[in-house]
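In: coordinates for the following, if possible.
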Amino acid sequence: MKLTTTFDGLYLSNPLMPASGPLVGDLEKLLFMREEANCGAVVTKTISTKLPKIPKPCIKAGKNLIMNSELWSEHDYKIWLNDFLPGYQKNNDRPLIISVGYSQEDMEVLIPLLDVYADAFEISTHYVGTDLERIKATVSTIRSHTKKPFYMKISPHLPDPEGFAKVIAEAGANGVVAINSLGPTLNININNRKIEYGADDGYVWTTGPVIKPLALATVYKIKQAAPNLTVIGVGGITSAEDVLEFLLAGASAVQMLSGALLKGKQLYKKIIDDLPKTLDKYGFSSIEEVIETSLKNTVSYDERLPELIEDKCIECMLCVKTCPYFAIAFKDRITFNPDQCFSCGLCVSICPTNAITMEGVGE
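Out: Numbers count the residues shown, from 1 in each chain. Below is the predicted model of the structure:
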């Protein structure tokens with residue numbers, strides 16, 4: 001099963017790479033991602049010209065999310081230049097994407113210095129604001145200092161992802177990394193009446209499976225608006241199925257961080273190992289085939305009544321309890337009232353044993 005993906009002159013043995021963050025913050029971690037996690041490419045933690053002031057503690061796990069106030073690299077950029085990056089390059093056998101932030105002024109300093117070590121750049125715009133002209137000027141500055149591919153990482157608070165994509169394409173960027181963490185968000189401890197894990201303003205940023213639907217939508221929007229841009233998808237990946245969803249939405253590769261913080265660093269290798277059987281399960285012969293597949297969008301406004309597959313039903317009553325239209329009852333078996341059913345589909349998606357079907361849903 002062919003797992004390779006290629007874009008902008010980069011060759012990846014598989015489509016999974018780490019997202020910029022604490023798991024790629026020094027040479028030891030970069031080598032882990034390459035040699036043990038077996039990632040198709042490796043991304044560094046975001047390097048900037050100034051050192052961050054990071055509150056402690058700064059990373060908290062929830063059921064399906066990570067909240068953090070961790071910021072960019074805690075190491076001076078000179079340490080990256082003199083130690084981490086030269087050490088990684090000695091045995092370089094796959095692309096290294098150097099993450100850089102944040103301002104146009106930072107790019108003037110850092111891109112020329114880092115260029116010799118980079119196969120590509122990822123540029124974080126997280127603290128730049130929403131002014132597209134300012135972002136455009138930053139892109140132009142980067143392009144003036146490198147011939148390498150670079151990808152602008154979009155934050156979900158930007159109101160116009162399509163406009164963002166078109167502007168950076170015009171200014172010379174190769175693509176987009178979508179999306180950065182969601183926020184600002186707030187974490188409250190009821191017991192001690194305190195805001196926890198926040199920075200000086202109290203806020204944190206949220207990542208993980210909870211933001212996956214937003215990330216998928218952003219990838220899709222950008223690819224529809226600027227088909228020639230490369231898109232790297234990130235936000236909520238925890239399985240091989242998630243990888244395929246991002247590729248179907250328009251990504252050429254994906255990144256993961258929060259999944260490994262929630263489930264363990266071994267998750268990178270597990271997902272990569274799971275990709276061949278997952279491709280086969282869904283009828284694909286390669287990663288390239290997934291990327292080249294166009295998504296269908298068949299919308300229907302017809303009334304459709306759910307149907308029960310009796311031998312799958314465990315009579316848990318979840319569908320009865322959750323139906324917002326009071327259309328499901330238990331009368332020796334689960335029944336659906338056609339006069340009350342709104343064909344909303346909630347029961348199909350909430351059933352733990354897939355015992356409820358509806359024409360056109362999941363087909």
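In: would you agree residue 221 is in contact with residue 163?
Out: No: using CB atoms under 8 Å, residue 221 is not in contact with residue 163, being 10.3 Å away. The way it works is simple: take the backbone N, C-alpha and C, and place the C-beta from them, glycine included.
In: between these two, who's got more neighbours?
Out: Regarding residue 221 and residue 163, a neighbour count based on other CB atoms under 10 Å identifies residue 221 as having more, with 19 against 13.
In: for the nearest residue to that one once chain neighbours are set aside, grab the count of nearby residues.
Out: Once flanking residues are discounted, residue 221 sits nearest to residue 161: 5.1 Å by CB to CB, 6 or more residues apart in numbering. By other CB under 10 Å, the residues close to residue 161 number 22.
In: thought residue 161 was touching residue 178?
Out: Yes: if you go by CB under 8 Å, residue 161 and residue 178 touch, sitting 7.3 Å apart.
In: hey, where'd the strands end up in the stretch 151-300 of the chain?
Out: Secondary structure of the stretch 151-300 of the chain (DSSP state E, counting those that start in this stretch): strands at 175-178, 182-185, 188-189, 194-195, 204-207, 230-234, 253-256.
In: how does this protein divide into domains?
Out: 5-292, 307-357 (automatic domain parsing).
In: average model confidence for the last one?
Out: Average pLDDT, domain 307-357: 97.
In: now do that domain: distance to the chain's middle.
Out: Mean-position distance between domain 307-357 and its chain equals 33 Å (CA atoms, centre = their mean, to the nearest Å).
In: quick check: end-to-end length of that domain?
Out: This stretch, domain 307-357, spans 5 Å end to end (CA to CA, to the nearest Å).
In: if we can go back for a sec, mind putting the strands of the stretch 151-300 of the chain into a markdown table with mean pLDDT and mean neighbour count?
Out: Below are these laid out as a markdown table (pLDDT from 0 to 100; neighbours: other CB atoms under 10 Å):
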| stretch | mean pLDDT | mean neighbour count |
| --- | --- | --- |
| strand 175-178 | 97 | 30 |
| strand 182-185 | 94 | 18 |
| strand 188-189 | 95 | 10 |
| strand 194-195 | 94 | 14 |
| strand 204-207 | 96 | 24 |
| strand 230-234 | 98 | 28 |
| strand 253-256 | 98 | 28 |
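In: so can I have JSON lines of those showing distance to residue 267?
Out: JSON lines is the format used below for those (distance: least, CB to CB, whole Å):
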{"stretch": "strand 175-178", "distance to residue 267": "20"}
{"stretch": "strand 182-185", "distance to residue 267": "21"}
{"stretch": "strand 188-189", "distance to residue 267": "28"}
{"stretch": "strand 194-195", "distance to residue 267": "30"}
{"stretch": "strand 204-207", "distance to residue 267": "14"}
{"stretch": "strand 230-234", "distance to residue 267": "14"}
{"stretch": "strand 253-256", "distance to residue 267": "7"}
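In: number of residues surrounding residue 133?
Out: When counting by other CB under 10 Å, one arrives at 8 neighbours for residue 133.
In: contacts only, for it.
Out: Counting by CB atoms under 8 Å, 6 or more residues apart in numbering, residue 133 touches residue 167.
In: repeat for residue 42
Out: 17-18, 24, 30, 33-34, 88, 94-97.
In: which helix or strand in this protein has the lowest average pLDDT?
Out: Of all helical and strand segments in the chain, the minimum by mean pLDDT, DSSP states H and E falls on helix 85-89, at a mean of 92.
In: how about residues contacting that one?
Out: By CB under 8 Å, 6+ apart, helix 85-89 touches 27, 30-31, 34, 42, 44, 96, 98, 114, 117.
In: mind listing what's buried along that helix?
Out: 85, 88 (16 or more other CB atoms under 10 Å).
In: after that helix, which helix or strand is next?
Out: Downstream of helix 85-89, the next assigned helix or strand under DSSP states H and E is strand 96-100.
In: and the domains of the chain: which comes nearest residue 299?
Out: Among the domains of the chain, the nearest to residue 299 by CB to CB is domain 307-357 (12.6 Å).
In: so who does the most centrally placed residue in the chain touch?
Out: By CA atoms, centre = their mean, the chain has its centre lying nearest to residue 234, at 1.5 Å. Neighbouring residues of residue 234 by CB under 8 Å, 6+ apart: 19, 177-180, 215, 254-257.
In: could I get the full set of helices for this structure?
Out: Using DSSP state H, the helices found in the chain span residues 27-35, 77-79, 85-89, 104-114, 132-145, 161-171, 212-225, 240-249, 258-263, 267-281, 287-292, 318-322, 346-350.
In: and the fifth one, how far from the chain's centre?
Out: Read that as helix 132-145. Here helix 132-145 is found 24 Å from its chain centre; the criterion is CA atoms, centre = their mean.
In: got the angle between that helix and strand 96-100?
Out: If you take axes from the mean of the first three to the mean of the last three CA atoms, to 10 degrees, helix 132-145 sits at 130 degrees to strand 96-100.
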